[in-house]
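K.L.:
Sequence first, then the predicted structure:
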Amino acid sequence: MVVVQVEHLKKTFGSITAVEDVSFEVQEGEIFTIIGPNGAGKTTTLEMIEGLQHPDSGSITVMDMNWKQDEAKIKQRIGVQPQTSALFDLLTVYENLLLFQSFYHQQRAVEEILELVNLTEHQTKKVKALSGGQKQRLAIGLAMINDSDILFLDEPTTGLDPQARRNIWDIILKLKEMNKTTILTTHYMEEAEKLSDRVCIVDQGKIIAMDTPAQLIQQLSKEREIVVRLEHKQTALEEEELLNHASGLPDVVRAEWDAGRLSLVSTNAEVTLFHLLKHTNEQEIGIEQISIREMSLEDVFIAFTGKEWRD
Ligand SMILES: Nc1ncnc2c1ncn2[C@@H]1O[C@H](COP(=O)(O)OP(=O)(O)OP(=O)(O)O)[C@@H](O)[C@H]1O
């Protein structure tokens with residue numbers, strides 16, 4: 001079942017076109033992730049669906065309702081993660097949840113939310129005493145206090161350390177098990193790849209690719225990268241000879257020395273590797289380590305946007 005449908009969204013701020021033309025559908029129970037470079041229009045898109053900004057044109061349907069006619073009803077059914085700066089610093093975790101709960105007809109028990117976001121043991125702490133990760137978890141809890149069906153998370157893990165980030169992933173995956181729908185933006189490619197059912201890449205206010213992470217990666221090509229570290233440092237001449245030979249091996253599309261390792265991008269890694277090992281064997285070049293890397297969502301992003309990924 002489609003729970004969010006946006007068609008030809010457009011939003012300008014003076015001479016700046018934040019969102020030019022964005023259309024997509026999100027299915028119930030999906031984790032749908034919007035990624036893109038700085039200023040691509042992710043937050044503006046999210047805020048239009050959340051009803052916080054009005055599009056210049058285009059349509060938004062949330063669970064078969066629209067913002068013009070059904071504003072009060074939609075607000076009861078969605079959950080928007082507040083900025084951590086919007087939490088009440090001098091209230092405890094429990095009190096923050098209780099306060100937000102009072103805004104809604106439909107409510108989830110505070111104890112259940114505490115459990116869900118793993119804050120039961122910190123419930124009597126004031127917000128100002130929480131770590132960044134704990135504040136983010138509370139913010140997600142607040143978005144869930146009305147037992148919302150659709151959750152909007154705008155960069156929920158930005159600035160967190162890897163462990164705190166993983167704790168948030170666990171919550172998002174738990175929400176999926178509860179058949180909640182999550183619409184997410186992130187700057188972390190690994191996060192998009194691990195969590196998302198589908199990823200939408202936006203650039204300059206337009207969608208440039210949208211699919212499952214696996215399909216997007218496959219769409220890029222069948223390329224894989226073979227990285228070889230040799231036992232002994234080669235002379236510049238030896239390095240050049242090996243690179244020349246490697247470049248001419250079957251199915252190699254790119255070859256280079258990168259940080260002392262030979263990198264070969266191949267469309268048929270097995271065949272390339274066979275020929276490479278034959279050569280190094282004959283030349284008695286010792287190999288210390290070989291790894292084969294699948295292409296990642298990050299490679300896809302760079303291929304589509306032509307832009308560096310920032311983490
Ligand atoms: N209220 C506003 N007034 C003027 N310009 C705005 C406003 N909100 C957003 N913009 C501009 O619109 C463009 C898109 O911004 P948006 O915040 O949606 O991008 P984003 O993809 O979320 O970026 P980031 O990854 O940096 O968070 C940017 O050029 C931004 O400066």
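P.N.:
Happy to help now that I have it. Numbering: from 1, shown residues only.

K.L.:
buried set for the helix or strand harbouring Gly58?
P.N.:
Using DSSP states H and E, Gly58 sits in strand 57-62. In terms of neighbour count (16 or more other C-beta atoms under 10 Å), strand 57-62 has its buried residues at 58, 60-62. Glycine gets a C-beta too; all of them are placed from N, C-alpha and C.

K.L.:
JSON lines for the residues you listed, including pLDDT and distance to the ligand?
P.N.:
Below are those laid out as JSON lines (pLDDT from 0 to 100; distance: C-beta to the nearest ligand atom, whole Å):
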{"residue": "Gly58", "pLDDT": "97", "distance to the ligand": "15"}
{"residue": "Ile60", "pLDDT": "97", "distance to the ligand": "15"}
{"residue": "Thr61", "pLDDT": "97", "distance to the ligand": "21"}
{"residue": "Val62", "pLDDT": "97", "distance to the ligand": "19"}
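
K.L.:
quick revisit: which strands and helices lie in contact with the strand holding Gly58?
P.N.:
strand 2-13, strand 16-27, helix 42-49, helix 67-77 (3 or more C-beta pairs under 8 Å, 6 or more residues apart in numbering; DSSP states H and E).

K.L.:
same thing but 6 Å
P.N.:
strand 2-13 (3 or more C-beta pairs under 6 Å, 6 or more residues apart in numbering; DSSP states H and E).

K.L.:
Give me the pLDDT for the nearest residue to Gln219 once chain neighbours are set aside.
P.N.:
Nearest in space to Gln219, with sequence neighbours left out and distances taken as C-beta to C-beta, 6 or more residues apart in numbering, is Asp211 at 6.8 Å. On pLDDT, Asp211 comes in at 94.

K.L.:
ditto for Gly260
P.N.:
88.

K.L.:
cool, Arg310 as well?
P.N.:
Looking at Arg310, the pLDDT reads 58.

K.L.:
same deal with Asn268?
P.N.:
pLDDT, Asn268: 89.

K.L.:
give me phi/psi at the closest residue to it other than its chain neighbours?
P.N.:
Counting by C-beta to C-beta, 6+ apart, Asn268 lies nearest to Asp251, which is 4.0 Å off, once chain neighbours are set aside. Phi and psi for Asp251, reported as degrees, to the nearest 10, are phi 70, psi 10.

K.L.:
Let me see the contact set for Asp251.
P.N.:
266-268, 271-272 (C-beta atoms under 6 Å, 6 or more residues apart in numbering).

K.L.:
got a winner among those for most neighbours?
P.N.:
Tallying neighbours with other C-beta atoms under 10 Å puts Ser266 at the head of the contacts of Asp251, with 25 neighbours.

K.L.:
For that one, which non-adjacent residue is spatially closest?
P.N.:
That would be Thr272: by C-beta to C-beta, 6+ apart, it lies 3.9 Å from Ser266.

K.L.:
three-state assignment of the one you found?
P.N.:
For Thr272, the assignment made with DSSP: H, G, I helix; E, B strand; the rest coil gives helix.

K.L.:
same for the helix or strand encompassing Ala192, what does it pack against?
P.N.:
Here Ala192 sits within helix 189-195, counting by DSSP H and E. Using 3+ C-beta pairs under 6 Å, 6+ apart, the elements in contact with helix 189-195 are strand 31-35, helix 297-305.

K.L.:
Just put those in CSV and tack on mean neighbour count.
P.N.:
What follows is the helices and strands packed on helix 189-195, written out as CSV (neighbours: other C-beta atoms under 10 Å):
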stretch, mean neighbour count
strand 31-35, 24
helix 297-305, 20
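
K.L.:
Which of the ones you listed has the lowest mean pLDDT?
P.N.:
Among those, helix 297-305 scores lowest, at a mean of 81.

K.L.:
shaky segments in the stretch 151-300 of the chain?
P.N.:
By pLDDT under 70, the weakly predicted segments of the stretch 151-300 of the chain are 220-221.

K.L.:
follow-up on the earlier one: how much space separates the residue nearest to Gln219 from Ser196?
P.N.:
10 Å (C-beta to C-beta, to the nearest Å).
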